[in-house]
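Participant: Take a look and give me a structure for this.
(chains A and B)
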Amino acid sequence: MLNKEELIRYNRQIILPDFGIEGQEKLKSSSVLVIGAGGLGIPNLSYLAAAGVGRIGLVEFDEISLSNLQRQVMYKTNQAGESKGKSAVNVIQELNPNVLVDYFETRLDAENALEIIGDFDLVVDGSDNLPTRYLVNDACVLLGKPLVYAAVFRYEGQVSVFNALRKDGSRGPNYRDLFPTPPPPEMVPSCNEGGVFGALTGIIGAMQANEAIKLLAGLGIRLDGRLFLFDSQYFTARFLNVKSNPDNPVSGDHPTITQLIDYEAFCGLSEVENEADEITVQELYQMIKSGKTPFILDVREPYEYAISNLNGLNIPLFELGLELERLSQNETIVIHCKSGQRSQKALEFLKKEGFSKLKNLKGGILAWQKEIDHSMEIY
Amino acid sequence: MKIEVIAFGIAKDILNGNQVTLEMKEQSSVADVRQALVDLYPAFQGLASLQLAVNADYVNDDYLIKENDEVVLIPPVSGG
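Facilitator: As a prediction, this is how the structure comes out:
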């Protein structure tokens, strides 16, 4: 039953054709899990809370950083360094005190995913990496939960509804029908690497919230079996029809994945942290101090290089393939980025191109600032 | 026959743009388009496992393409 406050608060959607008190009551009695409170998570959390979803779960472990604020419009400048999740929970509770909020301050992984997801009716994926996307997909398929998917890159966004229950009792296609095999990591740049247009995350995240609310309130035609693509730079959009693949390893005719797997390894990211391929900032500092400065390759973007650098040669990760002639196979190359992730991808890439004398600077320029040069500007 | 290839995401970087026209033999399949792309753009090898869509539908590798078809390349993107 809705109380008087709720009837007033939700009036503009209760009077909508097809929504009504019935739709509102369905929302109130339902629960959604939002993975990530970033560019996509924020519009989702805002609209789901405002619309009156009964219980909202949030999985987030990260801190607010200055470079989030260009698109993560829920956070304030003076909150840099604070917990994203705690801040987001406060905002949505103030926005709508009727909503119960469950906050999971953790990284979603194969150990905890089934337990966390199992307690919700629907999942909204706003994560920022490929292993988590396969993990969330597989967990939703195994648990029979609908999944509202979206992802962004530069000026482009993708949205779809996966594993939706259809009238005939079957389930709609899922992420593995769309992307059966993950490409090599260097082909899947994150927003940190490739950039992302701020307003785009709002558009795509709001579309996700739109689908989540429709699914919960049981109205409209769902984005099930269709992938929506939006290119905000050219302002073009496209729908593609996705079919269930009988060979899908988690939902096909003969499933081979019946429990969660190691998704980092599946996506080629299991940093088999080969120590032989690593160098610490202390080791590099000692080399420089003793006059044996190695060849340093900085695979960050030029704007990052401009903020602070280690006097290395700056070739952004995604231009490496075009600039190989600037590198020598005969001398050791120390590769670094901001935290060590992009440089790991660069190392894997250069290995495939035949380079063998490679070292990844562990912890990147952040570790350098922390352990060697505190005066260095970080971002 | 001519077909259009429409690229999204990182595939735009590989094709140097969001659209290229390919000249294909009659009776070419989606697998042949994939091979033609690898031949023209070696970096496309990294996306060779990509599912391809023709016009508005994801199709299998043996699907035969026709003149003026649009082949759409959509690599996974992970950002959130």
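
Participant: for chain A, which spans come out with low pLDDT?
Facilitator: For chain A, the stretches with pLDDT under 70 are A:270-275.

Participant: max-length helix in it?
Facilitator: helix A:198-217 (DSSP state H).

Participant: Can you spell out which helices and strands pack onto it?
Facilitator: helix A:20-28, helix A:41-51, strand A:122-125, strand A:147-153, strand A:156-162, strand A:226-231 (3 or more C-beta pairs under 8 Å, 6 or more residues apart in numbering or on different chains; DSSP states H and E). C-betas here are computed from N, CA, C, even on glycine.

Participant: now what about the fourth one, what contacts it?
Facilitator: Identification of contacts with strand A:147-153 by C-beta atoms under 8 Å, 6 or more residues apart in numbering or on different chains yields A:39-40, A:122-126, A:133, A:136-137, A:140, A:157-163, A:174-175, A:189, A:191, A:194, A:196, A:200-201, A:204-205, A:207-208, A:211-212, A:215, B:9-10, B:76-80.

Participant: same deal with the last one?
Facilitator: Contact partners of strand A:226-231, identified using C-beta under 8 Å, 6+ apart, comprise A:155-160, A:178, A:200, A:203-204, A:207, A:236-242, B:8, B:18, B:74.

Participant: What residues of the helix or strand following it count as buried?
Facilitator: Using DSSP states H and E, the helix or strand that follows strand A:226-231 towards the C-terminus is strand A:236-241. With burial defined by 16 or more other C-beta atoms under 10 Å in any protein chain shown, the residues of strand A:236-241 counted as buried are A:238, A:240.

Participant: which residues are in contact with strand A:236-241?
Facilitator: By C-beta under 8 Å, 6+ apart, strand A:236-241 touches A:225-231, B:53, B:56-58, B:72, B:74.

Participant: For PyMOL, write the selection for the buried entries among the residues you listed.
Facilitator: Only the buried entries of the contacts of strand A:236-241 go into this PyMOL selection, using 16+ other C-beta under 10 Å:
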select buried, (chain A and resi 225+226+227+228+229+230+231) or (chain B and resi 53+58+72+74)
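
Participant: next one: the helix or strand bottoming out on mean pLDDT in chain B to chain centre, how far?
Facilitator: Taking mean pLDDT, DSSP states H and E as the measure, chain B has helix B:10-15 as its least confident helix or strand, at a mean of 92. Offset of helix B:10-15 from its chain centre (C-alpha atoms, centre = their mean, to the nearest Å): 11 Å.

Participant: same question, stretch A:267-287
Facilitator: That offset, for stretch A:267-287, works out to 25 Å (C-alpha atoms, centre = their mean).

Participant: So which residue is smack in the middle of chain A?
Facilitator: Nearest to the geometric centre of chain A sits A:D128, at 1.3 Å (C-alpha atoms, centre = their mean).

Participant: if I pick that residue, what's in contact with it?
Facilitator: Counted by C-beta under 8 Å, 6+ apart, A:D128 has contacts A:36, A:38, A:190-191, B:78-80.

Participant: And the pLDDT for the residue nearest to it when sequence neighbours are not counted?
Facilitator: Nearest residue to A:D128 in three dimensions, chain neighbours excluded: B:G80, at 4.2 Å (C-beta to C-beta, 6 or more residues apart in numbering or on different chains). pLDDT recorded at B:G80 is 91.

Participant: in the stretch 251-379 of chain A, which spans are helices?
Facilitator: A:263-266, A:281-289, A:302-307, A:341-352, A:364-371 (DSSP state H, counting those that start in this stretch).

Participant: quick one: contacts of the longest one?
Facilitator: Just to be clear, that refers to helix A:341-352. Residues outside helix A:341-352 that contact it (C-beta under 8 Å, 6+ apart) are A:184-186, A:192-193, A:268, A:271, A:277, A:297, A:299-300, A:317, A:320-321, A:327, A:333, A:335-337, A:358-361, A:364.
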